[in-house]
Every structure is written in C-alpha cells, then in structure tokens.
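Chemist: just to be clear, the model below is a prediction. Sequence and coordinates:
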Amino acid sequence: MSIIYHEKSKTFHLYNDSMSYIMTVLKNGHMGQLYCGKRIHDREDFSYLLEMCVRPMGSYVYDADRLFSLDYLKQEYPVYGSTDYHEPAVEVLQGNGSRISDFCYRSFSISDGKPTLAGLPATYTEEDSEAQTLTITLEDEVTGLLLHLMYTIFTHSSAIARSVCISNGGKETVHLTRVMSLSLDLPDDKYEWIQFSGAWARERHVKTRRLEEGTVSIGSMRGHSSHEHNPFLVLKRPTADEHQGEALGLSFIYSGNFLMQAEVDCHHMTRVLAGIHPDCFDWKLEPGESFQTPEAVLVYSSNGMNAMSQTFHHLYRKRLAHGYWRDRVRPILINNWEATYFDFTEERLVSIAEKAKECGVELFVLDDGWFGQRCSDRAGLGDWIANPDRLSGGITGLADRIEALGMKFGLWFEPEMVNKNSDLYRAHPDWILSTPNRSESHGRYQYVLDFSRPEVVDCIYQMMAKILREAKVSYVKWDMNRSITECYSSALPADRQGEVFHRYILGVYSLYERLTSEFPHVLFESCASGGGRFDPGMLYYAPQCWTSDDSDAVERLKIQYGTSFCYPISSMGTHVSVAPNHQVFRNTPLHTRANVAYFGTFGYELDLNKLSEEEILQVKEQIAFMKKYREVLQYGTFYRLVSPFEGNETIWMAVSEDRRTAIVGWYRVMNVVNAYYERVRLEGLDPQLCYRNSLSGTLHYGDELMNLGLITTDVTAGEVLGGMKPCTDYDSRIYVLEAADGQAGL
Ligand code: DGJ
C-alpha cells in the first residue's frame, strides 16, 4: 500500500520510502495541499497545517467566517476569482460568459499500477506492484463538469505522476481555456529556480535564480517544446547542491506548447503550475466529451540534484521509453549530414560506409536529400519517394548495399513538413497550417502539414510505412525543422481553432504510435534542428534524440551537462564531427571529441575517408572502447561532479550497476600553466572495492576515491619533463576504474 485514506479527516497520504504527499478535502469541498516532501510518519489528521487567519483586504468564502480564504489555503487544483487571486490551474468559459467554477470533492478510487492516457505518451508500469494510482473526482454543480485528478506514486522511485481528465457531464457546451496538468502550492519561497534554456545550437544551458515575489515562467508557443526552454525545471533549496539537500524536479511529458511557472505571493507562498500553454488554447467540450491533459512528473530528492536526476533517468529509461530498444545498447552510427550535406552520390555514400565499416561502425544513416526533388532545402519535403537520379536502386538498393557490407541502414525523414515545391503540396495545398487571408510564413522554405487532420497523418504514414516495409531500414531519424506560425486548420470550425496546436501534437503522437507499433525493431531517433524537441513526450516513442546541431565538443559539454539534469545518457545523440567544427569553427583534438561523445549514444558525422592513417587508428580504438563500455556509459548511474557553467573544467562519471566499473570524463577548455594540485571526489563507488586507475595503473579503494578524491593534476602543474606529453587547450581524459579482485590498494 502506498496510498492511505483517512475517512474522518478526509486526508490522503501518498508515500513511498523517500517521499510523502498529503492532501485533504477542505471545508468548502475543494482539495487542499498539505505537504510534499521527505517521507514522514502518517497520522489521522494533518489539518493543523491549514492556514486559517485573518488578513486585511482578504476575501472570505463564508459569511461570519474571516478565517477561510482560498488566497491563503494551499490547494491542489485551484480556480481564480472566488477568493483566490493567484493564477489558477483551470479555467472554464461558460455560455453566460463566466469563468468562475467551483469544483467540489465527490469521490475517490485507488487502483494498483497505472492507467494509460489515451493518445498521449506517459510513464507506465509493467507490474501492478510498481505503483498505485489515486483518482479524486470533483464536480462543478453549475456546469456538471467532472474533474478527475490523477496521482500515481511509484513504489521504487521518488516520483509522482499527475494528470487531469475533465469530462462534461452537464447539458451545456463549455470552452476549456486552461487545464494545467499539475498545480502545487508550497508553503514557502526559499528556493532557487533552475531552468534549462538557450537557443538553436546551445540548448539546455543551466540558468539559476532565487525565487522572489512575482511570477517566473518558462514556456513555448512555437508548437514544439523548443530549443529556447525545455519543459523541465528544478526548485532546490539555496543550500542544496548536486550531492545533498532538497530538490524538486518537475518534468512535463509533452512536445507542444507548454507553460511552467512559479508564482510567489506577498506571504511567500509559492504556486507551481505546469501544463499546456493557456495562450492560444481553447478546447470546446460538448456534453458527454472528455479532455485528458498530458502528464507531469514530480521528483523529490532529499539528497541533492544528482539523486533527483538519477530518479528521472531510471524512470524515463525504464518506464517512459519502451519497446525493443529500451534496454539495448545503441548501435555506433555514422551519419552523412556534416560529411556531405545535400551534395552526395550513391558511390560517395557507400565509400563513407565502407570506411566506417572498416573502423567498426555498425549503422550507416542517410540524412536529408534522398527523396523527391530534394537537392537543396527549397524542394521535395513531403515526397517520401527516393530520387532515382541520386539512388539508382532506390532506398531498397542502397539499404541492400549497406547490409552487404555488414552494417545496418538508417534513414532520415521530416514527416511533418512540406515544401511548396513538392508533389504533395501541389496535390493538397490546403494541407498546411495557414490562416485565411493572412500571409504564410515559412521557415527554411518549408510549411507545416496540418497534423490535426487524420487524413494528412495517414497519407504520410502510408509513404513512410511503404519504405520501411520494402527496404531494410533499421533506424529512422525523425526531424522537424521549423516552428509553427499562422496556426489554423481549414478542417476545423472557428470555435475549434484553439484546439489546433494540441491536435497537431496528438497527430504527431499518432503517427509515432502507428510506426513504432508496426516496426517495433526500428530504432527511432527524434530530432528538431538538433535539440528543439528534446522532451519526455518524444522519449516515449524514440528512446534517443539528436541532442543539438552543435557538434563541437566544447559546446557539447554545457549542452550535455544541462540535458543530464532530466534525461538519461542513453537518450542523448552524440557524434564525433570534423575539426574545425562546422558550427563554431573550433579545432578540438579528436580524443576530446570522442571523450565527450562517449557519454551518449555515440557515432560519427564526418567523412572518415578524409582522416589520416593515424586518426583512423584512433577512431578504431575509440569504437573498440565504446563497444566495451557502452553498457556502463549509457545505462550506468550518472553523476555530475564539476560543472562547465562554473569554470574551466567539467567532470562527470558513470558507474556500472554492480559498481565494479566506473568511467570518469575529465575535460578542460583552456590549458592552464603552473596549475593547482587538483583532485575530485568521486561518487557511487563501492567503498570496499579496490579499483585500478586505467591512466596511472595505480590501485585505490573506493572510499579513497570518494573521500580523498581522484588526482587530476597533470604536467601543466609544473615543468614538462622528458617523455611527458604536454597538455593543450580543449584537453580531456577518460579514467576507467575497474575493480581489481584480490588486490590491496597502494
Ligand atoms: C537538422 C538536423 O538537426 C540535422 O542533423 C540534419 O538532419 C538536418 N536537419 C537536415 O536537414
């Protein structure tokens, strides 16, 4: 049992070994929030936590009672305008123009496991014992609307998944103009807010600020989760860090427009909201219809942010991602994009694949440019038929040639887009999102197909499925290279245009669902101009995502570090690319490019034929290394040790499940002369085991490495004596620590 209900006090206590979440039914029937934090003892009644007080200028619910105000009481799913003046969780526009509602408790049910959310990606359970789900039903008598608040607490993860289903049991049609997935009132504001923001090619940089009175928010109105803000945030106590202290992580399993915010009021209460962005959202709900929100996941850690991230990693790796590839190490791939861009011939592709095969690469991926009239970004999107001038035997012929080399074959698609110069657009000009009598903006000369229309999704499905059925395709890269503008569907009436953004994403999910069900062995990698849709919604269908279009090793330190706060290492697409790099024109050494890419799915994105013999030898060693250690790197427990946002160095590590192998990545951007003596305390090792350091050859107990630390000082700390290799800018090292049985430490 992980959910207790106390009948007398109408109190719900959700708990597992690490956290407690406590709610009660308030006197007016609304749901009150009492506690979210470290696991505490249960008691029959926590109502002493209810804040009943008189405040000048307060508004009160009951006559002759100046204590009960929704402005002070912490709530679970608040509405605005009936004594609460904060931003609400739900807003319903009714026929008479009112937006006031009054959702009162009616009933609850508890079930083992976790129900699926129709049409939406969500966490899941495989055994009923893995979680319990509480559904609380509230009713607004005037409209007859029923609100079902769903809470799943996981038995072995310090996590609660929340979503809301609203159904119209009344006689009147209403418009939902805001239905957040999660609302959480916290009793104080002593938090630092951490968001993961940036732009194309510098996604998910860590930005921290102290909460203050007022509202801080992140969100997207682009139709995809976006490069600019990731649907993830952390609230941590100011004294907490990676290794200790309280942190709350909040992640939204959705790939479209979102809003996440914290509002601190003048009495220092903090209200956190997460859900579909209410701007441009207006869902018409007719009698008998229901609306299901996407899911939000709340993770609580009393042991710092590494523990919080590890909870997300485990949950998302095991109970969000699913299917054949979920638990499998990922193939080492070579992608032709940065090697050729649009300028390729079949023979050039095969020659890249041949060299890659010689080096040990397992999968060749053909990127953009193989279909329709796609010889530049101005034409062809939407025509998912191979261009015979480029590929004489079509995709089938090329895939056969790659397979004959002993490699798997992967293919790029951008299913949601169309160029006006395409057969698809010429046949169906009304299939794009476009507002009548307004200009049609483009992005990269492309337009967004109206995926709110099932017939559009079906047409794309037919074209893609034909290729996947006919050719030996083992991997699909699903790209998405522009944000939505002039969002309007010609298939929907005026009063349903506020549904288009959400219906669009539901269309994307439905296509993913069809393709991943029909082709369960195909590995899907999501991508949106790099990291423009690196979100948990995508992770449900595609267990890996191209992390960023910036493949420079130094830039990637920050991007991958930031990404790791929520997303597992196995989900990060990481490639070794050419130097000078194509995004920042930086020359980084080949070993550093690989040392960064090891912490991800790993692959190459360059023409290996252009490397020197010495470099090819290095590539072969890198691939052999990755094959040996990818299980630890991709599925081990990941720790952030030193942040690239705080200085010149980055250090992170992965530890195998049995703690017998650990891999430490050490990276330094600029070389340092006459440097300090430096060591870093490692994490997650077995204190009793003795580990051999692959670089020094010395033996050290786990407790030494975790308390004294691993010495990272190098020759630049003093003079470079004969035989020592001098360090350079952009240097890095990988330390492999392996348990050496029967050995005593030195
Ligand atoms: C953007 C992606 O992020 C790149 O990797 C590449 O696939 C291009 N699109 C192709 O157009």
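Modeler: Structure received.
Chemist: list the contacts of the residue in the stretch 351-500 of the chain that the ligand sits nearest to.
Modeler: When distances are taken as Cβ to the nearest ligand atom, the stretch 351-500 of the chain reaches nearest to the ligand at residue 368, 3.6 Å away. (Glycine included, C-beta is placed from N, CA and C.) Contact criterion Cβ atoms under 8 Å, 6 or more residues apart in numbering gives 337, 342, 374, 377, 412, 414, 479 as the residues in contact with residue 368.
Chemist: who touches stretch 630-637?
Modeler: Outside stretch 630-637, the residues within contact range by Cβ under 8 Å, 6+ apart are 310, 313, 317, 327, 329-330, 568-570, 598-602, 626, 654-657, 661-663, 684.
Chemist: make it 7 Å
Modeler: Counting contacts by Cβ atoms under 7 Å, 6 or more residues apart in numbering, the residues outside stretch 630-637 that touch it are 310, 329-330, 569-570, 598-599, 602, 654-657, 661, 663, 684.
Chemist: next one: stretch 674-693
Modeler: Applying Cβ under 7 Å, 6+ apart, the external contacts of stretch 674-693 come out as 306, 637, 639, 641-642, 651, 653, 655, 659-660, 662, 664, 699-703, 705-713, 716-717, 735, 737-740, 743-745.
Chemist: any of those residues buried? List them.
Modeler: 306, 637, 639, 641-642, 651, 653, 655, 659-660, 662, 664, 699-702, 705-706, 710, 712, 716, 735, 737-740, 745 (16 or more other Cβ atoms under 10 Å).
Chemist: about what we covered before: return the subset of the contacts of stretch 674-693 lying in strands.
Modeler: Secondary-structure check on the contacts of stretch 674-693 using DSSP state E: residues within strands are 637, 639, 641-642, 651, 653, 655, 662, 664, 699-701, 710-711, 735, 737-739.
Chemist: the ligand next: which of those are close?
Modeler: Among those, no residue sits close to the ligand (Cβ under 6 Å from any ligand atom).
Chemist: do a quick rundown of the helices in the chain.
Modeler: Residue ranges of the helices in the chain, as given by DSSP state H, are 304-319, 337-340, 346-359, 394-404, 423-427, 454-470, 500-518, 536-541, 553-563, 590-597, 613-635, 702-707.
Chemist: which of those helices is buried the deepest?
Modeler: Greatest average neighbour count among these goes to helix 536-541 (a mean of 26), per mean count of other Cβ atoms under 10 Å.
Chemist: please save the CA atoms from stretch 183-194 in CSV.
Modeler: Taking only C-alpha atoms (Å, rounded to 0.1, in the frame of the first residue of the first chain), the coordinates of stretch 183-194 have been written out as CSV:
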residue,chain,number,x,y,z
SER,A,183,-0.6,22.7,-9.6
LEU,A,184,1.4,22.6,-6.4
ASP,A,185,1.2,25.1,-3.6
LEU,A,186,4.3,25.2,-1.5
PRO,A,187,4.2,26.9,1.9
ASP,A,188,7.4,29.0,1.4
ASP,A,189,9.6,30.5,-1.3
LYS,A,190,13.1,29.6,-0.1
TYR,A,191,14.0,28.0,-3.4
GLU,A,192,16.3,28.5,-6.3
TRP,A,193,14.6,28.1,-9.6
ILE,A,194,16.7,26.3,-12.3
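Chemist: what's next to that stretch, contact-wise?
Modeler: Counting by Cβ under 7 Å, 6+ apart, the neighbours of stretch 183-194 from elsewhere in the structure are 33, 36, 74-78, 89, 206-211, 216, 233-238, 262, 264, 268-273.
Chemist: before we move on, back to that, ChimeraX command for the buried members of the contacts of residue 368?
Modeler: The command below creates a ChimeraX selection of those among the contacts of residue 368 that count as buried (16+ other Cβ under 10 Å):
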select :337,374,377,412,414,479
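Chemist: sounds good, over and out.
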